[in-house]
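1. Have a look; sequence and predicted model below, questions after that.
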Amino acid sequence: DTGVSQDPRHKITKRGQNVTFRCDPISEHNRLYWYRQTLGQGPEFLTYFQNEAQLEKSRLLSDRFSAERPKGSFSTLEIQRTEQGDSAMYLCASSSPGAKGDTQYFGPGTRLTVL
Amino acid sequence: AQSVTQLGSHVSVSEGALVLLRCNYSSSVPPYLFWYVQYPNQGLQLLLKYTSAATLVKGINGFEAEFKKSETSFHLTKPSAHMSDAAEYFCAVSDYGGSQGNLIFGKGTKLSVKP
């Protein structure tokens, strides 16, 4: 049973560059979430997909951020014109609705450093 | 709106001592509550969850938590700390209650275990 995977694990970029992260959820999971975690804080919700439909976006998700899940499987999160404030750990989680609740399983995260 | 407060950003215990990590929630709907653990540079791993069944929830690695509606609390305990328990612990509530929706996390409590 493979868990949620994320690629890359680490990304260092210069301010103003674009970056893209990938998340591969657990194969049978139809829900996929993106969160952002800054130092000393808990994860904060960014956006949520059910299958290929993006159902919710946080106000944290500025217009420089875009997420896709084209075939309802893997997802990408792109940040355009990166800023130093974008430096954070970006976490992906997936879940599948069940009788005992919707448990989200997290990937290892992508740590972004913007210089 | 749902929210979570974790009292104490850092807790230190001796090996073999009781672990108590505090979490209070605010929710306008019957809450689903979660405890996750995060080891350095890793994603989050689910310890346990409350889904309106038994108020005392047992999780992995000997942890348990008790849902107390009158106190709006969901504190995490373990009778005897082990060195391997040193990590950061996050309490979370499901944003919409029930089984759907993103998670609202507390700021986390870093647990240190002294030999």
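-> Received the coordinates, thanks.
2. Which element, helix or strand, includes the residue nearest the centre of chain B?
-> Nearest residue to the geometric centre of chain B (CA atoms, centre = their mean): residue B:35, 3.4 Å. Residue B:35 is part of strand B:33-38, with elements assigned from DSSP states H and E.
3. Neighbouring strands - and their directions - for that strand?
-> In the sheet, strand B:33-38 lines up against strand B:44-50 (antiparallel), strand B:87-94 (antiparallel) (DSSP bridges).
4. For the residue nearest to the centre of chain B, which non-adjacent residue is closest in space?
-> residue B:47 (4.3 Å; CB to CB, 6 or more residues apart in numbering or on different chains). For glycine as for every other residue, the C-beta is placed from the backbone atoms N, C-alpha and C.
5. quick one, which of the strands paired with strand B:33-38 is packed in tightest?
-> Comparing the strands paired with strand B:33-38 by mean neighbour count (mean count of other CB atoms under 10 Å in any protein chain shown), strand B:87-94 ranks first with a mean of 24.
6. Residues in contact with the very next helix or strand once past that one: which ones?
-> For strand B:87-94, the following helix or strand on the C-terminal side (DSSP H and E) is strand B:103-105. Contact with strand B:103-105 is made by A:33, A:35, A:42-45, A:104, B:2-4, B:34, B:36, B:90-95, as judged by CB atoms under 8 Å, 6 or more residues apart in numbering or on different chains.
7. Quick one, which of the residues you listed are buried?
-> Buried members of the contacts of strand B:103-105, counted by 16 or more other CB atoms under 10 Å in any protein chain shown: A:33, A:35, A:42-45, A:104, B:2, B:4, B:34, B:36, B:90-95.
8. Work out the gap between stretch A:6-26 and the centre of the chain.
-> Distance of stretch A:6-26 from the chain centroid (CA atoms, centre = their mean, to the nearest Å) equals 9 Å.
9. Actually, stretch A:31-45.
-> Remark: stretch A:31-45 is offset 8 Å from the chain centroid, using CA atoms, centre = their mean.
10. Next: stretch B:76-90.
-> Distance of stretch B:76-90 from the chain centroid (CA atoms, centre = their mean) equals 10 Å.
11. in that stretch, what's buried?
-> For stretch B:76-90, by 16+ other CB under 10 Å, it's B:76, B:78, B:81, B:85, B:86, B:87, B:88, B:89, B:90.
12. any idea how far the second one lies from residue B:19?
-> When distance is defined by CB to CB, to the nearest Å, residue B:78 is 4 Å away from residue B:19.
13. which residues do those two both contact?
-> Common neighbours of residue B:78 and residue B:19 (criterion: CB under 8 Å, 6+ apart): B:63, B:85.
14. Touching, residue A:46 and residue A:58? I think so.
-> Yes - between residue A:46 and residue A:58 there is a contact under CB atoms under 8 Å: 5.3 Å.
15. Of those two, which one has the most company?
-> Neighbour tally, residue A:46 and residue A:58, criterion other CB atoms under 10 Å in any protein chain shown: the higher count belongs to residue A:46, 22 against 16.
16. now the more buried one, nearest residue through space, not along the chain?
-> In space, residue A:46 is closest to residue A:34, 4.3 Å off (CB to CB, 6+ apart).
17. Fine, thanks again, bye for now.
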